[in-house]
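In: no sequence for this one, just the structure:
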């Protein structure tokens, strides 16, 4: 009998959620996702010091005011390029979370990252620019997609965010299953939630069915998993980005994995089409306390880890 991971690959594209290049080499996923937290963690590993040294060298001659930011940009591209050497698909690289509420600045930073990738010999088709799913970020992604810069809208918690991303024509969204689960577990004051009642799984299922029923090309990539049951209950989702520890659990378990999500069942769902302008989006998102809190928290946490990364680099260039 095949492993759960092998079975899962028959239904969904498997993506590695890590900045650990050795882990990616081990699991050989189709795609990989990174974020400031994952890059900060990887940058503390002595194995990857050469990537930091290269980023520092690439930023020589840059003014003192902007040098640290330049080093971080080159560091993200350095990790991304090495990851792409190991996988056949795409890598996701994140825009500075501090720019989440500035459409123009998000767009400018995204174009800068793509320029750096292309200067390093990497085609833009192999890169997904990760942007927080605030209204401003969605608008930036809409503009970037028109120029062939593909986007992964992250920190997605509400149905309003999902609808707005699809209407904007973004390439891919990353609904955060585990963080939705975390919020509801804390709110209910329980140690666990029955898999059949998992609100994170339910959220992704609803989005998937909506997209497929109404013919949106935006792909759904379930993300931020806490346990393998959440992953298995979304078998059939376009993509699933999974941490190395959960990949290991799936690979070590021999059990058949039935498909749970499919275009045929989505077409038969009772979803109704909706359209959102900015005012409707903001109200609908605001009505979801979990999504409002988790989006704000996620942006803060990514910014915190980005600052930790800058401080650790600062000690090397002082």
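Out: Ah, there it is. The shown structure was predicted, so the numbers you read here are calculated from the model rather than taken from an experiment. Numbers count the residues shown, from 1 in each chain.

In: Tell me where the stretch 1-150 of the chain has strands.
Out: 13-17, 31-33, 91-94, 127-132 (DSSP state E, counting those that start in this stretch).

In: partners of the second one, with directions?
Out: Looking back up the chat, that one is strand 31-33. Strand 31-33 sits in its sheet next to strand 13-17 (parallel), strand 91-94 (parallel), going by DSSP bridges.

In: Would you mind pulling the contact partners of it?
Out: 13, 15-18, 24, 83, 87, 89-92, 128, 130, 152, 174, 221, 223, 239, 241 (CB atoms under 8 Å, 6 or more residues apart in numbering). For the C-beta atoms, the positions are set from N, CA and C on the backbone; glycine is no exception.

In: run the last query once more with 7 Å
Out: Applying CB atoms under 7 Å, 6 or more residues apart in numbering, the contact partners of strand 31-33 are 13, 15-17, 24, 83, 87, 89-92, 239, 241.

In: Identify the residue nearest residue 6 in space, chain neighbours excluded?
Out: In this structure, residue 6 finds its nearest non-sequential neighbour in residue 251, 7.9 Å apart by CB to CB, 6 or more residues apart in numbering.

In: now the one you found: how far from residue 3?
Out: As defined by CB to CB, to the nearest Å, residue 251 lies at a distance of 5 Å from residue 3.

In: And for residue 190?
Out: With CB to CB as the criterion, residue 190 and residue 3 are 31 Å apart.

In: For residue 68, which non-adjacent residue is spatially closest?
Out: Excluding the flanking residues, the one nearest residue 68 by CB to CB, 6+ apart is residue 310, at 5.3 Å.

In: List the buried residues for the one helix or strand in the chain whose mean pLDDT sits lowest?
Out: Within the chain, no helix or strand scores below helix 36-43, which has a mean of 89 by mean pLDDT, DSSP states H and E. Using 16 or more other CB atoms under 10 Å as the burial criterion, the residues of helix 36-43 that qualify are 36-40, 42-43.

In: Mind picking the one among the residues you listed that's closest to residue 289?
Out: Residue 289 lies nearest to residue 37 out of those, by CB to CB, at 23.9 Å.

In: quick one: contacts for that closest one?
Out: Contacts of residue 37 (CB under 7 Å, 6+ apart): 301-302, 305.

In: swap in residue 130?
Out: 35, 92-95, 152, 154.

In: Lowest-confidence member of those residues, which is it?
Out: Ranked by pLDDT, these bottom out at residue 35 (89).

In: Hmm, residue 299 and that one touching each other?
Out: No: using CB atoms under 7 Å, residue 35 is not in contact with residue 299; the gap is 11.4 Å.

In: Which one's more surrounded, these two?
Out: Using other CB atoms under 10 Å, the more surrounded residue of residue 35 and residue 299 is residue 35, with 25 against 19.

In: picking that back up, filter the contacts of strand 31-33 to the buried ones?
Out: The neighbour count (16+ other CB under 10 Å) marks 13, 15-17, 24, 83, 87, 90-92, 239, 241 as buried among the contacts of strand 31-33.

In: Distance to residue 138 added to these, as TSV?
Out: TSV is the format used below for those (distance: CB to CB, whole Å):
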residue	distance to residue 138
13	23
15	21
16	26
17	22
24	29
83	26
87	27
90	20
91	21
92	16
239	19
241	20
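
In: Between these, which sits nearest residue 109?
Out: residue 92 (14.4 Å).

In: So that closest one is in contact with residue 29, correct?
Out: No: Residue 92 is not in contact with residue 29 according to CB under 7 Å; the separation is 12.0 Å.

In: Any regions of the chain where pLDDT drops low?
Out: By pLDDT under 70, the weakly predicted segments of the chain are 318.

In: Scan it for its longest helix.
Out: For the chain, the longest helix by residue count, based on DSSP state H, is helix 289-317.

In: tilt between that helix and helix 36-43?
Out: Put simply, helix 289-317 runs at 30 degrees to helix 36-43, going by axes from the mean of the first three to the mean of the last three CA atoms, to 10 degrees.

In: ok, residue 100 - contacts?
Out: 132, 134, 136-137, 299.

In: on that earlier part again, okay, the buried residues of helix 36-43 in CSV with distance to residue 260 next?
Out: Below are the buried residues of helix 36-43 laid out as CSV (distance: CB to CB, whole Å):
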residue, distance to residue 260
36, 32
37, 29
38, 27
39, 32
40, 34
42, 32
43, 37
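
In: Could you look up the SS state of residue 163?
Out: helix (DSSP: H, G, I helix; E, B strand; the rest coil).
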